[in-house]
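> Make a model of this:
(chains A, B, C and D)
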Number of protein chains: 4
Amino acid sequence: MEAIREGDRILFITEKGKRYLIEARRGRRFHSSEGYVDLGEVIGLPYGARVKTNTGSTWVAAKPLILDEVLNFPRVTQIVYPKDLGYVILMSGVRCGSRVVEGGTGAGVLTTMLAYYVAPGGRVYSYDVEEDHLENAARQLERVGLREFVELKHGDLTRRIDERDVDAVILDIPTPWLAVANARMALRDGGVLVSLSPTIEQVVETVETLRDEGFADISCVEILLRNLRVRRGMTRPEHLMHAHTVYIVTARKAYKLGAAADETFKA
Amino acid sequence: MEAIREGDRILFITEKGKRYLIEARRGRRFHSSEGYVDLGEVIGLPYGARVKTNTGSTWVAAKPLILDEVLNFPRVTQIVYPKDLGYVILMSGVRCGSRVVEGGTGAGVLTTMLAYYVAPGGRVYSYDVEEDHLENAARQLERVGLREFVELKHGDLTRRIDERDVDAVILDIPTPWLAVANARMALRDGGVLVSLSPTIEQVVETVETLRDEGFADISCVEILLRNLRVRRGMTRPEHLMHAHTVYIVTARKAYKLGAAADETFKA
Amino acid sequence: MEAIREGDRILFITEKGKRYLIEARRGRRFHSSEGYVDLGEVIGLPYGARVKTNTGSTWVAAKPLILDEVLNFPRVTQIVYPKDLGYVILMSGVRCGSRVVEGGTGAGVLTTMLAYYVAPGGRVYSYDVEEDHLENAARQLERVGLREFVELKHGDLTRRIDERDVDAVILDIPTPWLAVANARMALRDGGVLVSLSPTIEQVVETVETLRDEGFADISCVEILLRNLRVRRGMTRPEHLMHAHTVYIVTARKAYKLGAAADETFKA
Amino acid sequence: MEAIREGDRILFITEKGKRYLIEARRGRRFHSSEGYVDLGEVIGLPYGARVKTNTGSTWVAAKPLILDEVLNFPRVTQIVYPKDLGYVILMSGVRCGSRVVEGGTGAGVLTTMLAYYVAPGGRVYSYDVEEDHLENAARQLERVGLREFVELKHGDLTRRIDERDVDAVILDIPTPWLAVANARMALRDGGVLVSLSPTIEQVVETVETLRDEGFADISCVEILLRNLRVRRGMTRPEHLMHAHTVYIVTARKAYKLGAAADETFKA
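Numbering: from 1, shown residues only, chains lettered A, B, ... in the order given. So this is what the prediction gives:
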């Protein structure tokens, strides 16, 4: 059993399904529309314990996963959603030890997830043109204990990428096509580019540029996630869903026919 | 630049989009409906080089990602698809150092992906009732260099799970509801259960059992992936898609109200 | 040109996309969050004219289609949505002259659409167990000029269907499987049954009962409609969509092997 | 009971779900991979009777609906699918008595469905630039008894639409945006335009042109239909589905602000 200690972060999941990320602190109360809990009371309980609010609502004191943390980040920009995060992680091949260039940092959601997967042996180089975003991301990474695996860089991927031989470049910027040539130079042979864009026109520009730059295995997908309400005798999909977040373009660095030798020589 | 060497595995992606996983070997030819290539010719080229077959088709000699490898495994059972794999990895919280129980091993696709993410510090305990599946999985894991991170176990998750305090239990078996109590005992506090099932009736049984066993944050989703054919002036979704593979149930280990202290004491 | 006259029904579509169904009346104003229009001002203008509110918002004075009318009905029950309505109409084969049994009447949306298609030569027999629903439907049908094509009946389709040799039976009730045998007796040879249900369990009961009763060509579908926001350079699907309304079961009356002669004889 | 007579059209639905549209003829056999049936044997049976082939496969002798007929037309062009047909019919408001302009005629599927709904009081004006398509459509309309409700016209909707005051214009042509101005002139006040296009770029051109021409209530949707395999204890969606057919653009004729009076005066 892993007991909750003073200062630990707790994810309360309420009876109505609301989620609150809070620190366990003696002498403090957390108030909600479903009543309050004394935050000292959960100390010593195992993660996953159920507690009752003063109004009788039953909450779970869960141990926050990294996904709970990032979904709780201040949304200084549009974030990447779980349905897309999983696919991006998978397709990029990123894992322990990987070196990844990413940008824009934005709210730091994707940055943090990448850091989670490259740790402890790898590194994320995350670019943003807004210093505010970098400062916020630094704070969030610090809080979740992943700060040391990320190099936050004030810069514009469409102008310059400093790194070389990285395993993946992940673009979440308004004009990804302008960063494709830089991404190509940054990627190792066999490296993967992933680009996220909300509109079709961005996707068309990006894909056509990837073709021009000789990338291979270019694909574009959208991912839809539908929740089911499962209850014996009353099972059905939920009524509403996200119809769209982003299109995900993936491609692999490749050489044009006959160009490999030359280009390699110059490099 | 990373040059292809004798014996390296190569993923050929043909002009028509077919994919072949082959070893680079001097003196061998690989024949296809789009002509042949001499497998010795690619040696010394960088990954990503383009080569021409004798009939003029241009192929890319890509470096296989782990995903390319698993999708090439012999399909001794139904496999887990990329759209679902990414979500399972993400929701399970599995990464470098994690300890995961999984089963059935089946074709070894999910087993191998889990091994890829837990390496080098973690471990996958993969159960199957069919010795054949375990032997096949052993061979595939060996080939992709992840054998050491997986303990392949001949056993039935609905009867017994040996491990304790694991970070996640991932079920891909016909009667997952019968393994829920065992999974609960195997999971650490805060641990995650993920269950994959093709039919609604399986999902209903599993979810209702998870409720009875006191699990929290129970959800059930299905994930749809749609490919876009992106070409300037002719962009549209592809004509066909997978309409269904599996429903994905996720839940977190939790305690019933007031039960935490007792249960913990006994444990 | 068809000019708007005093008393005509008008669908105002506002600049922000809101929709208001109102009668053109001299001396009356219609107030909204986007300002007001004088309802007399539109008299004499053609349908489709654009008018400005006092606050400068531009509205279209459209001629309401039948679909606009039904979507404006009081929602005394869950209604059938356009994405499903079109499919139901199509699969039922209902058109001018058809005789259709339908129930529950509910909010009268499907009833009215059926009346729209069977008029002037056909007839809808619409059953409901709630007198309130029937009275409301009568009012709505009256307003849109389709009252004469519908026989509103206080009754329960699971107990009795009075009609014989109808072209289609359309069920939108909680226990459609209990009405299958009655529907079979009501249908002409070659007639079609359509059943709408929100949950999977209802669908399973209904489909299994249809099989038992010898129906043929049984299918179950769900229809998803996704809106695109089309704007040059910024085109993308809308962010939210309905993930679920109802499953639509369709089947054709048929005879069991060898039973046709006997059954026919008795009939 | 409605008995099958010599010369009647029959839809055989086989045990494996195949569908064959054939005439009942004494002395003829119909051969398939599931055995043969004597076509004279079904004469005198009611529609919906089940018969056995010589190899023991049980078939249903169904009465073909109009939808069965159109899906059996020679596919001289890409056809409009049922999921889209229902929505087009619904949104266009077309029913008994409507006057509709449509084109291209193509395989005649949409033409025939429109004829089915406007009959007996209305009329479909269907244009195509290919005489072959018109001739084929004439044959198919003749066969299903709807020829008299359709005027097949050799012409190009992007050049000229002869009709005026029609209820709806339905475009299924490669460059619908070039027909928008003509469609506007052809439509009555309150009339509806529907346009079907497979690619995003076509949709963007069409929608932007509709905006320029003052159309109102412009929308663009795509419709996805998913089949469920319903069997107690084994219920799940089917594995494959159509991911894309066409985008459906709808709009209503409207006037620009202040333009109604002038334009009307000129007309």
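> who's in contact with A:L11?
By Cβ atoms under 8 Å, 6 or more residues apart in numbering or on different chains, the contact list for A:L11 reads A:R19, A:Y20, A:L21, A:A61, A:A62, A:K63, A:P64, A:D68. In this view, the C-beta of every residue, glycine as well, is placed from N, C-alpha and C.
> packing partners for the host helix or strand of the fourth one?
By that I understand A:A61. Element membership for A:A61, per DSSP states H and E: strand A:58-62. Counting contacts by 3 or more Cβ pairs under 8 Å, 6 or more residues apart in numbering or on different chains; DSSP states H and E, strand A:58-62 packs against strand A:9-13, strand A:49-52, strand B:216-229.
> model confidence over the shortest one, on average?
This means strand A:49-52. The pLDDT scores in strand A:49-52 average 95.
> got it, and stretch A:76-90?
For stretch A:76-90, the mean pLDDT works out to 94.
> Report how far apart the opening and closing residues of it are.
Chord length of stretch A:76-90, first to last residue, is 25 Å (Cα to Cα, to the nearest Å).
> Check stretch A:3-19 too.
20 Å.
> in that stretch, what counts as buried?
By 16 or more other Cβ atoms under 10 Å in any protein chain shown, the buried positions in stretch A:3-19 come out as A:I4, A:D8, A:R9, A:I10, A:L11, A:F12, A:I13, A:T14.
> mean confidence score for that stretch?
Per-residue scores along stretch A:3-19 average to 95.
> And that stretch, how far out from the chain middle?
Computed by Cα atoms, centre = their mean, to the nearest Å, the chain-centroid distance of stretch A:3-19 equals 22 Å.
> what do you get for stretch A:229-249?
Chain-centre distance of stretch A:229-249: 21 Å, with Cα atoms, centre = their mean.
> CA atoms only for that stretch, dumped as CSV, please.
Provided in CSV are the C-alpha atoms of stretch A:229-249 (Å, rounded to 0.1, in the frame of the first residue of the first chain):
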residue,chain,number,x,y,z
ARG,A,229,-22.1,5.0,-21.4
VAL,A,230,-22.1,1.4,-20.2
ARG,A,231,-24.8,0.3,-17.9
ARG,A,232,-26.6,-3.0,-18.1
GLY,A,233,-29.8,-2.6,-20.1
MET,A,234,-29.1,1.0,-20.9
THR,A,235,-25.8,1.0,-22.9
ARG,A,236,-25.3,3.6,-25.6
PRO,A,237,-22.7,6.0,-26.9
GLU,A,238,-22.6,9.3,-25.1
HIS,A,239,-24.6,12.1,-26.8
LEU,A,240,-21.9,14.5,-27.6
MET,A,241,-18.3,14.1,-28.9
HIS,A,242,-15.4,16.1,-30.2
ALA,A,243,-15.9,16.2,-33.9
HIS,A,244,-12.5,17.7,-34.6
THR,A,245,-9.3,18.8,-32.9
VAL,A,246,-6.4,18.4,-35.4
TYR,A,247,-5.3,16.5,-38.4
ILE,A,248,-2.1,14.5,-37.8
VAL,A,249,0.5,14.4,-40.6
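> tell me the contacts of A:K256?
A:G214, B:R50.
> which residues touch the strand holding A:A61?
A:4, A:10-15, A:34, A:37, A:42, A:45, A:47-53, A:68, B:190, B:216-217, B:252, B:254, B:257.
> Can I get that strand as PDB, trimmed to CA atoms?
Provided in PDB are the C-alpha atoms of strand A:58-62 (Å, rounded to 0.1, in the frame of the first residue of the first chain):
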ATOM      1  CA  THR A  58     -18.500  10.100  -2.300                       C
ATOM      2  CA  TRP A  59     -15.200  11.000  -3.900                       C
ATOM      3  CA  VAL A  60     -12.100   9.000  -4.900                       C
ATOM      4  CA  ALA A  61      -8.700  10.300  -3.800                       C
ATOM      5  CA  ALA A  62      -6.800   9.100  -6.800                       C
END
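> between that strand and strand B:216-229, how many degrees?
Interaxial angle, strand A:58-62 versus strand B:216-229 (axes from the mean of the first three to the mean of the last three Cα atoms, to 10 degrees): 70 degrees.
> Return the set of buried residues in strand A:58-62.
For strand A:58-62, by 16+ other Cβ under 10 Å, it's A:W59, A:V60, A:A61, A:A62.
> ditto for stretch A:71-83
By 16+ other Cβ under 10 Å, the buried positions in stretch A:71-83 come out as A:L71, A:N72, A:F73, A:V76, A:T77, A:I79, A:V80, A:P82, A:K83.
> Just confirm A:P237 contacts A:N227, I think it does.
Yes: using Cβ atoms under 8 Å, A:P237 is in contact with A:N227, at 6.8 Å.
> Any idea how many residues pack against A:E148?
Using other Cβ atoms under 10 Å in any protein chain shown, A:E148 is surrounded by 12 other residues.
> need the contact list for it.
By Cβ under 8 Å, 6+ apart, A:E148 has no neighbours at all.
> Give me the pLDDT for it.
98.
> Quickly note the distance from the closest residue to A:D217 other than its chain neighbours to D:P74.
Distance criterion Cβ to Cβ, 6 or more residues apart in numbering or on different chains; nearest residue to A:D217, sequence neighbours excluded, is A:R252 at 4.7 Å. Note on A:R252: its distance to D:P74, by Cβ to Cβ, to the nearest Å, is 43 Å.
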